[in-house]
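Chemist: This is a predicted model, with the sequence first.
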Amino acid sequence: MIRFIWRNLWRRKERIILTLVGVLTVSSGLGYLFGLSESNTGTVVDLLQKRWKASYHIVVRPPGTRGVTERKHLLEPNYLSGIGGGISLDQYKTIKGIDGVETAAPVAMIGYVPFQRYVEGHRIEKEGIYRVTKTKAVDHGIRVEKEKWHDYIVQGPWYSPLDFRETERVYGVSLIKDYPEKLMISHSVLLAGIDPVQEARLVGLDRAVVSQGKSRYFDKDKVSITNGEILGKTYQRVEIPVLISNQSSSAVTYTWTIERLDLPFADEKTAVETMENVKRRGGKSYLDTLDAEGNPAVVSYGGRELFRQMAVDLTGIDPLTGKPAASEGERVSLTLLDQPISKPSPLTYREAKSPFPDRWPLAYEVKPVPAEKGKEVVGFPLQSGSFRPFDYFTATLHFNYVGFFDPSKLNIAKDPLTELPMETYRPPSAKWVLDSENRPVNPPKQLKPTDNPLGLLTQPPTMLTTLEAAQALVGDRPISAIRVKVSGVERLDEKSQARLEKIAAEIEKKTGLITDITLGSSPQPILLHVPAVGDLPELGWIEQPWVRIGSAITLFRETKLGYSGIVAGVIAVAAVYVLAMNGMFFLARRKEVAILLAVGWRPSQVTRMVLLEAGLWGLLAAIVSMAMLTFAHAQQGTAVPLDRLAAAGCLAMGLYLVGGFVTAVMAARVSPYETMRTGESDPVIRRWIAVSNRWTLAWSYFAGKWRRNLLSVLTIAIPSALFNFFVFVTIRLKGVFYTTWLGQYVSMQVGPAHYAAVGIAWMIAVLTTTEVLWQNVAERKPEIALLRSLGWRDGSIRFLMLSEGILCGLMAGIVGGAVSLFWINGIYGTVPWKDLAALSASGLIPAVVGLMGAVIPSEMAVRISPLRELNGAFVTEEKAERYLGMAVALVALGCLIGMMGVLILRW
């Protein structure tokens with residue numbers, strides 16, 4: 001039967017050559033892509049697995065703390081410093097008791113505590129009236145903001161007849177004692193509460209304690225609450241243990257400039273006359289107009305020195321050196337009486353239009369807050385505006401020093417591709433990239449955090465205390481957030497993700513709190529617009545790394561979807577091609593099958609013949625596919641897995657067997673009666689529109705055989721959809737499938753391999769179109785012969801067939817474009833309106849593919865002559881038949897030898 005099959009095929013030697021080209025194209029393309037996709041997918045998953053870690057897996061927050069940014073799964077890096085409690089200790093205990101929760105570390109942002117102390121100033125020797133100008137300079141990294149105040153003091157034989165306030169109002173001078181010999185400075189630090197046991201498990205805080213003096217970790221330190229009375233006023237004194245950071249990033253500098261005014265003040269009489277003259281001329285307003293004499297004296301203290309002095313006062317140890325140190329100036333009190341403590345407050349954002357959407361697709365604007373409330377609160381000299389709402393509470397605190405800790409020694413994930421906000425120990429970062437005119441800042445400048453509780457970037461807590469202390473100060477719901485680690489999520493897979501989602505859902509159900517899965521997240525650069533606020537001018541735009549929730553698992557899924565989608569798309573095109581090839585080949589031999597049945601062949605014999613023929617093609621395809629898979633692995637220097645090798649061969653064989661089965665079913669339904677059918681018309685064809693020119697005639701042919709032409713449309717549409725998607729990724733996302741830093745590092749690059757896959761699919765689509773149109777030509781030979789006999793020229797016949805191919809391509813372009821838009825919207829949640837022009841231009845390629853597929857059938861149609869059509873004979877050459885058989889055998893043998901050679905070398 002094999003010899004009969006070969007003889008039968010050779011009678012149509014042009015079709016067998018076309019089929020052989022198709023087999024080689026399909027099998028080699030599938031084999032190569034199989035190896036490429038497996039290798040690339042494995043590489044990406046391995047890289048993601050190495051970064052499947054984080055300081056915590058789930059963050060739990062109070063209800064109502066989600067902002068506008070989280071609609072797009074973005075977690076701002078300032079979120080911890082903006083939550084002032086909201087979770088109770090009972091809810092915390094419930095979370096700790098959930099099965100699977102390995103660590104639950106709460107953090108309670110209590111507030112900003114102002115410290116005030118006197119430092120050594122300048123001793124005035126010469127009598128007179130002095131102007132003392134105090135300047136507070138805050139270095140934000142991109143500019144230095146300055147606030148200035150000035151007072152006037154009298155040094156000499158003059159005594160005011162009025163009280164303190166009246167003297168300042170009438171004479172314009174201050175009666176501050178020992179000023180400026182002693183200068184007062186203030187410094188705000190953030191106080192936060194933790195669970196010492198859980199924090200030690202989460203970040204190793206106990207191992208970060210500095211071994212110096214009596215420094216130690218928390219150990220059953222209690223909170224003491226006592227009542228007292230000062231000057232007839234009762235107060236509640238809260239005594240709390242504190243662990244102090246030995247690092248400070250404060251960029252504040254206080255400078256005092258002391259200068260003598262050019263006024264006579266030699267003796268008591270002269271001094272009185274001078275002061276009365278000042279009074280008559282307007283007091284302070286008059287003094288502001290006077291010039292100073294000589295060189296001014298300058299006293300300056302930086303933020304680092306302020307922090308050092310505060311730490312020395314509280315502990316007796318210099319945090320910068322670790323050695324015992326004595327307080328300089330007047331020691332700060334360990335008890336703060338009825339001090340205003342600024343509550344943590346969040347930044348609020350609104351969506352903004354990015355000035356450079358290709359570089360920064362997402363942009364927001366920080367909403368300024370008018371600072372009306374609390375302007376008169378001592379210790380918080382607020383400006384006319386801020387970025388956070390202000391609120392405060394008062395408390396009388398006493399600090400019990402426990403020890404120092406070094407934040408640099410904490411066990412915190414420092415991988416820049418997967419780091420999470422850890423504002424308990426490190427400040428958020430930001431870079432100034434565009435000025436207020438949207439001009440690039442070159443080079444970009446790094447912003448610095450400040451000790452301003454209402455500023456844009458705030459410092460991490462300087463002092464840590466216990467949850468018990470936080471509850472005593474804040475109330476029943478002191479906890480701002482709980483960072484949770486889950487057991488059993490060591491590998492990046494769907495099982496680990498499902499476990500995280502299950503525990504997060506259980507936390508929400510049992511506590512009513514909100515959760516976010518942070519394991520597998522990655523920073524994503526976001527553009528923030530900083531507008532003018534109060535006296536501060538508009539800054540422009542800053543870039544800040546926000547956290548894209550679930551980046552790793554999304555990349556994992558996109559990797560599977562991407563490479564698997566490429567292979568699946570090519571497989572789908574190959575399957576349609578095999579189906580079309582078998583179907584068209586059967587239609588060409590339909591009358592032969594009817595003759596075989598008429599001369600006595602049983603339907604089972606016909607079915608066996610068809611399946612055997614498909615099996616032979618499938619065997620050749622399997623050999624070539626396995627050879628190409630082996631070549632792909634050898635090219636990348638990887639071992640060839642036998643299961644993949646077998647899968648590639650079985651897939652190629654399976655495609656042809658399935659196509660053969662469909663053909664066998666069609667052959668079994670053929671009736672011997674069909675041997676008697678003759679004529680030039682097809683009884684099933686329908687004309688949908690009136691034929692008035694060559695285009696409408698081509699459309700009538702296309703629509704009349706729409707079922708088989710649909711196969712051609714599908715094979716062109718699938719790679720067209722893939723191509724449009726890759727064009728979108730290349731243009732819009734700069735060739736990267738995901739926009740986070742992790743995605744830029746490990747995600748798929750839209751490169752030659754992807755476009756090669758599309759090219760292979762288009763080659764198969766060309767073959768499919770050729771098969772379909774070839775059969776159309778074969779069935780319309782009498783009609784084409786009639787047209788030629790009526791005077792149609794070769795160009796008209798060729799145009800008619802090429803038009804059918806173009807129509808197939810245009811229809812495929814429309815279908816592929818619609819599918820790609822649906823795909824883009826499903827993955828990225830956007831419709832690329834701005835890129836529709838480029839996508840539409842790429843939609844012309846399917847028309848070219850259809851045109852290429854119609855070239856050979858058009859030439860076949862041109863060569864049809866009425867005389868040869870009436871003859872209806874087949875011509876064969878024995879020598880050519882023998883050479884073709886030898887060529888097929890040599891191709892199969894070469895593939896086998898090459899595959900075995902690579903396997904032997906690899907193993």
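Modeler: Everything's here; your move. Numbers count the residues shown, from 1 in each chain.

Chemist: any chance you could map the helices in the stretch 451-600 of the chain?
Modeler: For the stretch 451-600 of the chain, the helices defined by DSSP state H, counting those that start in this stretch occupy 467-474, 494-511, 551-588, 590-598.

Chemist: Tabulate those helices (a markdown table), appending mean neighbour count and distance to G805.
Modeler: Using the backbone N, CA and C atoms, a C-beta is placed for each residue, glycine as well. Putting the helices of the stretch 451-600 of the chain into a markdown table (neighbours: other Cβ atoms under 10 Å; distance: least, Cβ to Cβ, whole Å) gives the following:
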| stretch | mean neighbour count | distance to G805 |
| --- | --- | --- |
| helix 467-474 | 22 | 75 |
| helix 494-511 | 16 | 44 |
| helix 551-588 | 22 | 14 |
| helix 590-598 | 18 | 24 |
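
Chemist: Would you format those as a markdown table with distance to T167 and mean pLDDT included?
Modeler: A markdown table is the format used below for these (distance: least, Cβ to Cβ, whole Å; pLDDT from 0 to 100):
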| stretch | distance to T167 | mean pLDDT |
| --- | --- | --- |
| helix 467-474 | 39 | 92 |
| helix 494-511 | 60 | 89 |
| helix 551-588 | 65 | 68 |
| helix 590-598 | 117 | 76 |
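
Chemist: Could I get these in a markdown table, plus columns for distance to N776?
Modeler: Shown next, in a markdown table, are the helices of the stretch 451-600 of the chain (distance: least, Cβ to Cβ, whole Å):
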| stretch | distance to N776 |
| --- | --- |
| helix 467-474 | 80 |
| helix 494-511 | 47 |
| helix 551-588 | 9 |
| helix 590-598 | 14 |
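
Chemist: List just the one of the ones you listed that sits closest to A703.
Modeler: Closest to A703 of these is helix 551-588 (Cβ to Cβ; 17.9 Å).

Chemist: of all the helices of the stretch 451-600 of the chain, which lies closest to I98?
Modeler: helix 494-511 (5.7 Å).

Chemist: Residues contacting that closest one, please?
Modeler: Residues outside helix 494-511 that contact it (Cβ atoms under 8 Å, 6 or more residues apart in numbering): 52, 57-58, 60, 87, 91, 94-95, 98, 100-101, 484, 486, 488-490, 513-517, 519-520, 553.

Chemist: Out of those, name the ones that lie in strands.
Modeler: I58, V60, V101, V484, V486, I514, T515, D516, I517 (DSSP state E).

Chemist: immediately after the helix or strand bottoming out on mean pLDDT in the chain, which helix or strand?
Modeler: When the helices and strands of the chain are compared on mean pLDDT, DSSP states H and E, helix 741-746 comes out lowest with a mean of 46. Downstream of helix 741-746, the next assigned helix or strand under DSSP states H and E is helix 752-779.

Chemist: between that following helix and helix 590-598, how many degrees?
Modeler: 60 degrees (axes from the mean of the first three to the mean of the last three Cα atoms, to 10 degrees).

Chemist: Which other helices and strands does helix 752-779 contact?
Modeler: helix 13-50, helix 551-588, helix 706-732, helix 794-828, helix 845-853, helix 855-862 (3 or more Cβ pairs under 8 Å, 6 or more residues apart in numbering; DSSP states H and E).

Chemist: does D338 sit in a helix, a strand or a coil?
Modeler: Three-state call for D338 (DSSP: H, G, I helix; E, B strand; the rest coil): strand.

Chemist: doesn't L397 make contact with it?
Modeler: No: D338 is not in contact with L397 according to Cβ atoms under 8 Å; the separation is 9.8 Å.

Chemist: what about the two, which has more around it?
Modeler: Taking other Cβ atoms under 10 Å, D338 and L397 do not tie; L397 has more neighbours (22 against 13).

Chemist: The helix or strand hosting the more buried one to helix 467-474, inter-axis angle?
Modeler: Secondary structure assignment for L397, by DSSP H and E: strand 392-405. Relative orientation of strand 392-405 and helix 467-474, computed by the same axes, to 10 degrees: 160 degrees.

Chemist: And strand 392-405, what does it pack against?
Modeler: Using 3+ Cβ pairs under 8 Å, 6+ apart, strand 392-405 sits against strand 101-120, strand 233-245, helix 303-315, strand 335-342, helix 467-474.

Chemist: List the beta-bridge partners for the residue nearest to I58 when sequence neighbours are not counted.
Modeler: Nearest non-adjacent residue to I58, counting by Cβ to Cβ, 6 or more residues apart in numbering: V484, 4.1 Å away. Here V484 sits in beta bridges with I58, A104, going by DSSP bridges.

Chemist: Just confirm V484 contacts K96, I think it does.
Modeler: No: counting by Cβ under 8 Å, V484 sits too far from K96 to count as a contact (9.2 Å).

Chemist: ok, those two, which is more surrounded?
Modeler: Counted by other Cβ under 10 Å, V484 and K96 do not tie: V484 has more neighbours, with 30 against 16.

Chemist: which residues sit in contact with the more buried one?
Modeler: For V484, counting by Cβ under 8 Å, 6+ apart, the contacting residues are Y56, H57, I58, V59, V60, I95, V101, T103, A104, A105, I503, I507.

Chemist: Hmm, the first one is touching D516, no?
Modeler: No: in this structure, Y56 is not within contact of D516 by Cβ under 8 Å, at 10.4 Å.

Chemist: Specify which residue of the two has the higher count of neighbours.
Modeler: Y56 (22 against 19).

Chemist: State the distance from the more buried one to P449.
Modeler: Counting by Cβ to Cβ, to the nearest Å, the gap between Y56 and P449 amounts to 22 Å.

Chemist: show me where pLDDT drops low in the stretch 351-500 of the chain?
Modeler: 371-385, 413-424, 492 (pLDDT under 70).

Chemist: What segments of the stretch 51-200 of the chain are strands?
Modeler: 58-61, 74-75, 101-120, 128-139, 144-155, 182-194 (DSSP state E, counting those that start in this stretch).
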